[in-house]
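Participant: task: produce atomic coordinates for the following.
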Amino acid sequence: MTTDTIQTPDATTTPRGRRRPPWWLWVLIAVALIVGLVAALGGFRDVPIQSLPTIGMGEKFEGNEVDATVTAVYLTDRPPGQEFAAEDGMQFLVVDATALNHTDEPSLLTRDLVRVLLEDAIDPGDDSTFEGVVDTRSAGQVPFLQPGLVTTLSYRWEIAVDAATEGDAIIIGIFERQLIYGDPIFDDAYSTSPVVRILTTIGSPP
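Facilitator: Residues are numbered from 1 along each chain as shown. Sure thing, here's the model as predicted:
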């Protein structure tokens, strides 16, 4: 058993008006900066991308809440089921995936389940190019995933026609939700972070 002791600073060497901030304050500042960076980049840099496990296209990822399989990534001027085409000089990047919520409750992990990193075109922390995620069978929006039901999802980003072409390298990240207990602002809250990556190239439309 050890006894903690409190060390009193030497008044002869540490002027009262220039007391150094405690070590834990610098730790809190560093953590805040890291959290801010992760939020700004959409969690894709929560850990270095290179350290994320890699899976292949068509390979199922079994998540803590949702099982996901990315089936296709391609460019088109009009995604399936969409009434309007891309604006002049623009195109859609589409990522198709299937998702199975294996919990007993509806899951809100829909739009944050899949994100992409496409050099000079799409950043996972920037939603300005994101056009949404739809159910490919109904062409309707997907606010949540029903438990026990396999859903086919289509993620869509609108980018310039010269920003990407078939054969370009792309990183697709699959994310999970983690519950943050006792969040000081929102009480218990969720955050998302990447768990696996898919290193592939943009293919042709199915």
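Participant: what pairs with Glu62 across the strands?
Facilitator: Beta-bridge pairing for Glu62 (DSSP bridges): Asp67.
Participant: now do the strands in this structure.
Facilitator: 61-62, 66-76, 90-101, 114-117, 130-135, 150-160, 169-183, 187-201 (DSSP state E).
Participant: which of those strands is buried the deepest?
Facilitator: Stretch with highest mean neighbour count among those: strand 114-117 (a mean of 23; mean count of other Cβ atoms under 10 Å). C-beta here means a position set from N, CA and C on the backbone, and glycine is covered the same way.
Participant: what about Asp162, how many residues close to it?
Facilitator: Asp162: 9 surrounding residues under other Cβ atoms under 10 Å.
Participant: check it and give its pLDDT.
Facilitator: pLDDT, Asp162: 96.
Participant: if we can go back for a sec, now the strands of the chain as JSON lines including distance to Gln141?
Facilitator: Output for those, formatted as JSON lines (distance: least, Cβ to Cβ, whole Å):
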{"stretch": "strand 61-62", "distance to Gln141": "23"}
{"stretch": "strand 66-76", "distance to Gln141": "17"}
{"stretch": "strand 90-101", "distance to Gln141": "14"}
{"stretch": "strand 114-117", "distance to Gln141": "15"}
{"stretch": "strand 130-135", "distance to Gln141": "6"}
{"stretch": "strand 150-160", "distance to Gln141": "11"}
{"stretch": "strand 169-183", "distance to Gln141": "19"}
{"stretch": "strand 187-201", "distance to Gln141": "19"}
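Participant: quick one: closest of the ones you listed to Pro53.
Facilitator: Nearest to Pro53 among the strands of the chain is strand 187-201 (4.9 Å), distances taken as Cβ to Cβ.
Participant: what mean pLDDT does the closest one have?
Facilitator: Averaging pLDDT along strand 187-201 yields 77.
Participant: what's the answer for stretch 84-95, then?
Facilitator: Stretch 84-95 comes out at a mean pLDDT of 95.
Participant: what's the answer for stretch 125-143, then?
Facilitator: Averaging pLDDT along stretch 125-143 gives 89.
Participant: can I get it in PDB, CA atoms only?
Facilitator: C-alpha atoms of stretch 125-143 as PDB (Å, rounded to 0.1, in the frame of the first residue of the first chain):
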ATOM      1  CA  GLY A 125     -15.300  14.800 -43.000                       C
ATOM      2  CA  ASP A 126     -16.800  17.100 -45.700                       C
ATOM      3  CA  ASP A 127     -20.500  16.600 -46.500                       C
ATOM      4  CA  SER A 128     -20.600  19.200 -49.200                       C
ATOM      5  CA  THR A 129     -20.500  16.600 -52.000                       C
ATOM      6  CA  PHE A 130     -22.700  14.000 -50.200                       C
ATOM      7  CA  GLU A 131     -26.100  13.500 -51.800                       C
ATOM      8  CA  GLY A 132     -27.500  11.000 -49.400                       C
ATOM      9  CA  VAL A 133     -28.100   7.300 -49.100                       C
ATOM     10  CA  VAL A 134     -31.200   5.500 -50.500                       C
ATOM     11  CA  ASP A 135     -32.700   2.000 -50.500                       C
ATOM     12  CA  THR A 136     -32.000   0.700 -54.000                       C
ATOM     13  CA  ARG A 137     -35.200  -1.300 -54.000                       C
ATOM     14  CA  SER A 138     -37.500   1.500 -53.200                       C
ATOM     15  CA  ALA A 139     -35.300   4.500 -54.100                       C
ATOM     16  CA  GLY A 140     -36.400   6.000 -50.800                       C
ATOM     17  CA  GLN A 141     -34.400   7.600 -48.000                       C
ATOM     18  CA  VAL A 142     -33.100   5.300 -45.200                       C
ATOM     19  CA  PRO A 143     -33.400   7.000 -41.900                       C
END
